[in-house]
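1. can you look at this prediction? I've put the sequence above it.
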Amino acid sequence: MTSTAPADVRPDPPSPEGAADLARFGYRQELHRSLGRYASFAAGFSFISVLTTVFQFFAFGYAFGGPVFFWTWPAVLVGQLLVAACFAELAARYPISGAIYQWSSRLSTATFGWFAGWIMVIGQIVVVAAAALALQTVLPPLWSGFQLVGGDPAPTSPTGAANAAVLGVVLLVLTTLVNIVDNRVMSAINRVGVTAEIIGACLIVVLLLTHSERSPGITFHTAPGTGGLFGALLVGSFTAAYVMIGFDSAGEMSEETHNPRRTAPRTILTALGAAGLLGGLIILGGILAAPALTDGRLGTDGLSYVLTSSLGDGVGRVLLADVVVAVAVATLAIQTAACRMIFSMARDGRLPFAAPLARVNPRTGMPTAPALVVGVLAAALLLLNFVSPDAFLAIGTTCIVMLYLAYAMVTGPLLVRRLRGRFPAGGTDETGAPLFSLGRWGIPVNALALLYGLLMTVNLAWPRAAVYDPAGGHWYFQWFTVLFLAVTLAAGAAHRLWSRRSADAAAAVPETAVQEATA
């Protein structure tokens, strides 16, 4: 069917070409193929959401690294661009929902791929919770009436942490509803939100840089009390690592994208590149425009303090309102990506309660049950904030580690394939042009991407007491990431064992029935 509607809002049912391409992988077209190039870009950019994540973790990075933590940004961006280049190749060759799960399964074994998908989907649920918590960093500074619990709005205070959980649950209710209504509604909100975020980010960069109080040379200094330079950079890199994840969402939405073999690889790279550039400039502008670098405010109140104090209360609040939009859209996009991962795994019968989780509403083109599951589980994680404000950091760091590990479970098997000469380098996209390929740079780029991912995973998961349990007395927060990952793997292994035994028992029933019938 040919449509005259704009490319990003086509309400038509899936094109015959898209359905035929998907059928070659053994799947029916059930999700509505209605996303164009900008909507695909928006899926990746809104997951990254520089305004959400930079505002959420700037204070943490500065508190541990001082001004020099800025330089962790370009270092992480280069590392993630290496990973994104590998993913772009895979998105061109396997345009299927459940990107990480599908790619890892097809590059390695079904079991290894299942664990990659399992870790990824649990990590995405944690990211949804972490993104929803970001409202606490912008809503109370925007208007004190949003501080519904207690009086201290700082996310690291008991009342601030509790209020963050309340605001987060309200946001999750709204995003869950949108993820049920219709994929065109979800896409429209995503595109409008991303456009507002890009405009707001550009304005923030210009205003901060034009209100500079010092020269860029300050970024070569550490703040008093941050410790050694190397340690400061390792911990300061958490901010950049937390921001620059989720660019694979353009691949997650492949079954809903027109010409995904051509579109998804490009939007994966452009989403990360645009977010990396804007985020780096915002961090630089915040350091240069801050009224003071040594009064402790940057390490507690972060960029919200810089906007309202350096740009004036009126302009600062308008920009904070734009950040609120970015937080909401980011939470929506991350939840959507998690829904597609659950749908893809359930469609293959690889999750508990697979049948309802794999069901797509034919009218809306949305898998309803996964949206409810992600929303409820993410809201449950937010309740940890009532236990201790340290949960804010524990949740944030855990989700990064989970995604980094899942990414490595794709780049690792991909490198093995390349070294064995078994990675398909040829092929054409929907327009007849050659598929995106790294060519002779494939092995070195892939090897560096895997090395970077593994080193960063260890750095993020390392149980530093000063980082994860600064107040002391909460050993479970110090080891939260390691424990959460261990529980995730144990639960996955238990499910795999139970599924195998159930399958063996089911296979034995017909044989027993035949023996009894012939006795």
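-> Noted; the coordinates are in hand.

2. and His32, which of the three is it?
-> coil (DSSP: H, G, I helix; E, B strand; the rest coil).

3. wait, it touches Asn183, no?
-> Yes. The criterion here is Cβ atoms under 8 Å, and His32 meets it with Asn183 at 5.3 Å. All C-beta atoms are positioned from the backbone trio N, CA, C, and that covers glycine.

4. list the residues that contact both of those two?
-> Residues within reach of His32 and of Asn183 at once, by Cβ atoms under 8 Å, 6 or more residues apart in numbering, are 256, 364-365.

5. tell me the most packed of those, by neighbour count.
-> Among the shared contacts of His32 and Asn183, Glu256 has the most neighbours (other Cβ atoms under 10 Å), with 26 neighbours.

6. residue ranges with poor pLDDT in the stretch 401-519 of the chain?
-> Across the stretch 401-519 of the chain, the ranges flagged by pLDDT under 70 are 503-519.

7. ranges for the helices of it?
-> Using DSSP state H, counting those that start in this stretch, the helices assigned to the stretch 401-519 of the chain run over residues 442-461, 465-468, 475-478, 480-518.

8. next, format the ones you listed as JSON lines and append mean neighbour count and distance to Leu372.
-> Listed next are the helices of the stretch 401-519 of the chain as JSON lines, based on neighbours: other Cβ atoms under 10 Å; distance: least, Cβ to Cβ, whole Å:
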{"stretch": "helix 442-461", "mean neighbour count": "19", "distance to Leu372": "30"}
{"stretch": "helix 465-468", "mean neighbour count": "16", "distance to Leu372": "31"}
{"stretch": "helix 475-478", "mean neighbour count": "18", "distance to Leu372": "29"}
{"stretch": "helix 480-518", "mean neighbour count": "12", "distance to Leu372": "20"}
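
9. with distance to Pro153 added, can I get those in a markdown table?
-> Shown next, in a markdown table, are those (distance: least, Cβ to Cβ, whole Å):
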| stretch | distance to Pro153 |
| --- | --- |
| helix 442-461 | 27 |
| helix 465-468 | 22 |
| helix 475-478 | 21 |
| helix 480-518 | 24 |
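
10. circling back to that earlier point, which one of the shared contacts of His32 and Asn183 is nearest to Ala406?
-> Glu256 (21.3 Å; Cβ to Cβ).

11. ok, residues contacting stretch 179-199?
-> Contacts of stretch 179-199 (Cβ under 8 Å, 6+ apart): 8-9, 11, 31-32, 34-35, 38-39, 41-43, 45-46, 49-51, 178, 256, 274, 278, 322, 325-326, 328-329, 332-333, 335-336, 339, 364-366, 368, 371-372, 374-375.

12. state the mean pLDDT of the host helix or strand of Phe60.
-> Under the criterion DSSP states H and E, the helix or strand holding Phe60 is helix 50-65. Throughout helix 50-65, pLDDT has a mean value of 90.

13. list the buried residues for the next helix or strand after it?
-> For helix 50-65, the succeeding helix or strand toward the C-terminus, using DSSP H and E, is helix 72-93. Residues of helix 72-93 classed as buried by neighbour count (16 or more other Cβ atoms under 10 Å): 72-73, 76-77, 79-93.

14. name the residue closest to the centre of the chain, please.
-> Gly246 (3.5 Å; Cα atoms, centre = their mean).

15. from what I see, that residue and Thr336 are in contact.
-> No. With contact defined as Cβ under 8 Å, Gly246 does not count as touching Thr336 (10.9 Å).

16. which SS class is the residue nearest to the centre of the chain?
-> Strictly by three-state DSSP, Gly246 counts as coil.

17. tell me the pLDDT at it?
-> 94.

18. got the contact list for it?
-> Contacts of Gly246 (Cβ under 8 Å, 6+ apart): 44, 47-48, 127, 333-334, 337, 403.

19. distance of the closest residue to Leu90 other than its chain neighbours relative to Tyr27?
-> Closest residue in space to Leu90, ignoring its immediate chain neighbours: Trp103 at 4.7 Å, by Cβ to Cβ, 6 or more residues apart in numbering. Separation of Trp103 from Tyr27 (Cβ to Cβ, to the nearest Å) stands at 15 Å.

20. if we can go back for a sec, got a PyMOL select line for the buried ones in the contacts of stretch 179-199?
-> To isolate the buried subset of those in PyMOL, counting by 16+ other Cβ under 10 Å, use the following:
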select buried, resi 8+9+31+32+34+35+38+39+41+42+43+45+46+49+50+51+178+256+274+278+322+325+326+328+329+332+333+335+336+339+364+365+366+368+371+372+374+375
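
21. take the contacts of Gly246 and keep only those in helices.
-> 44, 47-48, 127, 333-334, 337, 403 (DSSP state H).

22. mind pulling the model confidence for the residue lying closest to Thr257 once chain neighbours are set aside?
-> Excluding the flanking residues, the one nearest Thr257 by Cβ to Cβ, 6+ apart is Leu35, at 4.5 Å. On the pLDDT scale, Leu35 is placed at 92.

23. verify the stated contact: Leu35 with Ala43.
-> Yes. Counting by Cβ under 8 Å, Leu35 touches Ala43, with 7.4 Å between them.

24. overlap in contacts, the two.
-> Common neighbours of Leu35 and Ala43 (Cβ under 8 Å, 6+ apart) are Met253.

25. show me where this protein has its strands.
-> Listed in chain order, the chain contains no strands at all (DSSP state E).

26. any low-confidence regions in it?
-> In the chain (pLDDT under 70), the answer is 1-17, 223-227, 503-519.

27. can you give me the helices in the stretch 151-300 of the chain?
-> 158-181, 183-210, 229-243, 249-252, 260-289.

28. Gly432: which of the ones in helices among the contacts of Gly246 is nearest?
-> Gly44 (25.0 Å).
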